[in-house]
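> Sequence and computational prediction follow.
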Amino acid sequence: MDTDLVRSAMRGDERAFTEIVNSITDRFLGVAHRILRDASLAEDAVQQALLTAWRDLPDLRDPAKFEGWSYRILVRACYMEARKRKRWHPATILRSIAEPTAPDLIGGVIERERLERGFDRLSVDHRTVLVLTYYLDLPSEQVAQALGVPVGTVHSRIHRAHHALRGALEAEGRDTRIPAPTQASG
Amino acid sequence: MNESQLNDREIVAILRTWLQGASSDPPDRSRVVGDVVGRLGTTRRRRRRWWPFSASHRAAPTDEALATDYQPDPIPATNGHTTTITGKTQSMFSPTKAITTGAIVFALGGVFLVAQPFDRQGGSVPGAATEVPGVETGVLVTGGWVSRDAAASHEFEEGVDVEGGFRERGELTVGQLQMSDERLSGELTWTREADRFFDPAEVLTAADVSLINFADVTWGTVSLVNDGGAWEGRQIGTSDAFADGASITYIELVGTGGYEGWSAILFEQEGPIGVVPWSGVIFPGDLPPDR
């Protein structure tokens, strides 16, 4: 990120901040969409994060730290949007298996759709640490900064996320054989 | 091969391939950019803190009131310690605010004067024009973490799940603390233990555990070192899971070496994202006896 651009934006230059918005929105939307698993929530989270960054830029002491600072705001906004999401219901994530087709395998092992559903089952905490680590390819220190936790906690969460993903994939394998429960009327 | 037979490296490779692939039904970029840019002019921005005793802020002035060369004089030294204002404070400082600040400091100095043990009264009032050498007095301080060396936080025991709770032990953080009084600035070493409480029944029924607001009790040790001496103490606090301003930590420090005979009581209050301000008092004498 151009630190001169950030410095200008810190001073209130709207054109400079607009340039920043144009350069980071795609990346932010990619992160938010993968964390929240919902395009509409991701749009709201990114919009909130960018406006928060604009509002709080005067508090940023070092323009060179804008990237890590803004990721932290984005993660915070994603958590806030996740809270607004309706509670998960088993029937809402089971997808009907239509005509049998050749499975779309990831790595030659796991069906893409099953991986998506398994990822959906993870907590926001776990999805966030996986997205920051494997989508953005951030080193642990930067992930720690974005999450506001020590590096040890990042390692712990990644380990737990792997474990949770395995469990989620196994659960998906079981659930596709179980019909969705019917909802009581009234 | 099924997923239970995959090792972590294989899981990572699969995950990375999938995450970095194109997503179906992507968000609407143009809507987001348009909405954000359209609201820049009407979104209120934060003002840099103008409190003259806080750590320096190097923001360029945004209006005439800020573009002043006025530099507040350091508080008259007591016992050789000067409250340091580091850097050029281009904050929102005006003569009116300077007068108001002086009045507040004078009033607070009166409070300290009364609050001190009788054998120490008669000392100078912070902010007073007349310096009384050799007299020690308490001083309000503000500031916070400047940096934390996340790489140093490698000694961490993975949390242990227990019914009705969750434990973290052995977390270590090292960083730089910058306070308005340089005696309390320096390398800070902070250990943290945490017990996290939640309703097990809620955990069992919730699809997303991260949406549950936990209640944390935290505690640990605090060590601060600088060229003038060192401080040792403890911290104890409460927190929730969401980093949304509900966390507060009490810190007490006892001076050693060059700071022997001094104590400090501080509070770390979680603020808006990225801001964790500290405030408190450094004072001569022992910590309060009843606590």
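Cool, got the structure. Residues are numbered from 1 along each chain as shown, chains lettered A, B, ... in the order given.
> The residue of chain A found nearest chain B: neighbour count?
Closest contact between chain A and chain B, by C-beta to the nearest C-beta, is at residue A:152 (3.0 Å). The C-beta positions use only the backbone N, C-alpha and C, and glycine is treated the same way. Residues contacting residue A:152 under the criterion other C-beta atoms under 10 Å in any protein chain shown number 23.
> Can you give me the buried ones in the helix or strand hosting it?
Using DSSP states H and E, residue A:152 falls within helix A:151-175. If you call a residue buried by 16 or more other C-beta atoms under 10 Å in any protein chain shown, then helix A:151-175 has these buried ones: A:151-158, A:160-162, A:164-166, A:168-169, A:172-173, A:175.
> got it, and stretch A:135-149?
For stretch A:135-149, burial by neighbour count (16+ other C-beta under 10 Å) applies to A:135-136, A:138, A:140-149.
> filter those residues down to the ones close to chain B.
Contacts with chain B within the buried residues of stretch A:135-149, counted by C-beta under 8 Å from any C-beta of the partner chain: A:135, A:140-141, A:144-145, A:148.
> pLDDT, distance to residue B:222 and secondary structure added to the residues you listed, as JSON lines?
Formatted as JSON lines, those follow (pLDDT from 0 to 100; distance: C-beta to C-beta, whole Å; DSSP: H, G, I helix; E, B strand; the rest coil):
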{"residue": "A:135", "pLDDT": "92", "distance to residue B:222": "36", "secondary structure": "helix"}
{"residue": "A:140", "pLDDT": "89", "distance to residue B:222": "25", "secondary structure": "helix"}
{"residue": "A:141", "pLDDT": "87", "distance to residue B:222": "23", "secondary structure": "helix"}
{"residue": "A:144", "pLDDT": "88", "distance to residue B:222": "20", "secondary structure": "helix"}
{"residue": "A:145", "pLDDT": "87", "distance to residue B:222": "22", "secondary structure": "helix"}
{"residue": "A:148", "pLDDT": "82", "distance to residue B:222": "19", "secondary structure": "coil"}
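> So what pairs up with residue B:279 in the strands?
Per DSSP bridges, the residues bridged to residue B:279 are residue B:142, residue B:267.
> That one - how many residues pack around it?
By other C-beta under 10 Å, 17 other residues sit near residue B:279.
> what sits against it?
Applying C-beta atoms under 8 Å, 6 or more residues apart in numbering or on different chains, we find residue B:279 in contact with B:140-142, B:266-267, B:269.
> Report the two of those residues separated the most.
Using C-beta to C-beta, the contacts of residue B:279 reach their maximum pairwise distance at B:140 and B:269, which is 14.8 Å.
> Say whether chain B is contacted by the strand or helix carrying residue A:78.
In this assignment (DSSP H and E), residue A:78 forms part of helix A:66-84. Yes. Using C-beta under 8 Å from any C-beta, helix A:66-84 reaches chain B at A:69, A:72-73, A:76, A:79, A:82-83.
> Do you have the strands of chain A handy? List them.
Remark: strands assigned in chain A by DSSP state E are A:105-106, A:110-111.
> which of these has the lowest average pLDDT?
Per-stretch mean pLDDT for the strands of chain A is lowest at strand A:105-106 (a mean of 62).
> how near is the residue of chain A closest to chain B to residue B:141?
From residue A:152 over to residue B:141 the distance is 30 Å, taken as C-beta to C-beta, to the nearest Å.
> go on, residue B:282?
For residue B:282 relative to residue B:141 (C-beta to C-beta), the value is 6 Å.
> Please enumerate the shared neighbours of the two.
Overlap between the contact sets of residue B:282 and residue B:141, as judged by C-beta under 8 Å, 6+ apart, is given by B:181, B:184, B:264.
> Surely the last one is in contact with residue B:184?
To tie it back to what came earlier, the one meant is residue B:264. Yes. Residue B:264 lies in contact with residue B:184 (C-beta atoms under 8 Å); the separation is 6.1 Å.
> list residues touching both of these two?
Both residue B:264 and residue B:184 are contacted by B:141, B:231, B:253, B:282, under the criterion C-beta under 8 Å, 6+ apart.
> Out of those, list just those in strands.
Judged by DSSP E, the shared contacts of residue B:264 and residue B:184 include B:141, B:231, B:253, B:282 as members of strands.
> what sits against the third one?
If I follow you right, that is residue B:253. Residue B:253 makes contact with B:184, B:222, B:224, B:231-233, B:263-266 under the criterion C-beta under 8 Å, 6+ apart.
> Show me which pair in the ones next to chain B among the buried residues of stretch A:135-149 is furthest apart.
Pairwise distances among these were taken by C-beta to C-beta; the largest, 19.0 Å, belongs to A:135 and A:148.
> before we move on, back to that, in the helix holding residue A:78, what counts as buried?
Going by 16+ other C-beta under 10 Å, helix A:66-84 has these buried residues: A:66-82.
> In the stretch 151-291 of chain B, what residue spans correspond to strands?
Along the stretch 151-291 of chain B, counting by DSSP state E, counting those that start in this stretch, strands occupy B:157-162, B:165-179, B:186-197, B:215-226, B:229-240, B:248-256, B:262-269, B:277-284.
> Could you measure from the residue nearest to residue B:216 when sequence neighbours are not counted over to residue B:217?
Of all residues not flanking residue B:216 in the chain, residue B:239 sits nearest, at 4.0 Å (C-beta to C-beta, 6 or more residues apart in numbering or on different chains). Applying C-beta to C-beta, the value for residue B:239 to residue B:217 is 8 Å.
> Which neighbours do those two have in common?
Residues touching both residue B:239 and residue B:217 (C-beta under 8 Å, 6+ apart): residue B:194.
> Which of those two has more residues huddled nearby?
With neighbours defined as other C-beta under 10 Å, residue B:239 and residue B:217 compare such that residue B:239 has more, 18 against 14.
> shouldn't the more buried one be in contact with residue B:247?
Yes. Counting by C-beta under 8 Å, residue B:247 is a contact partner of residue B:239 at 3.8 Å.
> Would you mind grabbing the residues shared as contacts by those two?
By C-beta under 8 Å, 6+ apart, the residues touching both residue B:239 and residue B:247 are B:216, B:270.
> Contacts only, for the residue minimising distance to the centre of chain A.
In chain A, the residue lying closest to the centroid (C-alpha atoms, centre = their mean) is residue A:35, at 2.0 Å. Contact partners of residue A:35, counting by C-beta under 8 Å, 6+ apart, are A:42, A:75, A:78, A:82, A:124, A:127-128, A:131.
> The residues you listed into JSON lines, with extra columns for pLDDT?
Output for the contacts of residue A:35, formatted as JSON lines (pLDDT from 0 to 100):
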{"residue": "A:42", "pLDDT": "93"}
{"residue": "A:75", "pLDDT": "92"}
{"residue": "A:78", "pLDDT": "90"}
{"residue": "A:82", "pLDDT": "83"}
{"residue": "A:124", "pLDDT": "86"}
{"residue": "A:127", "pLDDT": "91"}
{"residue": "A:128", "pLDDT": "92"}
{"residue": "A:131", "pLDDT": "94"}
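> now, which of these sits nearest residue B:175?
Nearest to residue B:175 among the contacts of residue A:35 is residue A:75, at 20.3 Å by C-beta to C-beta.
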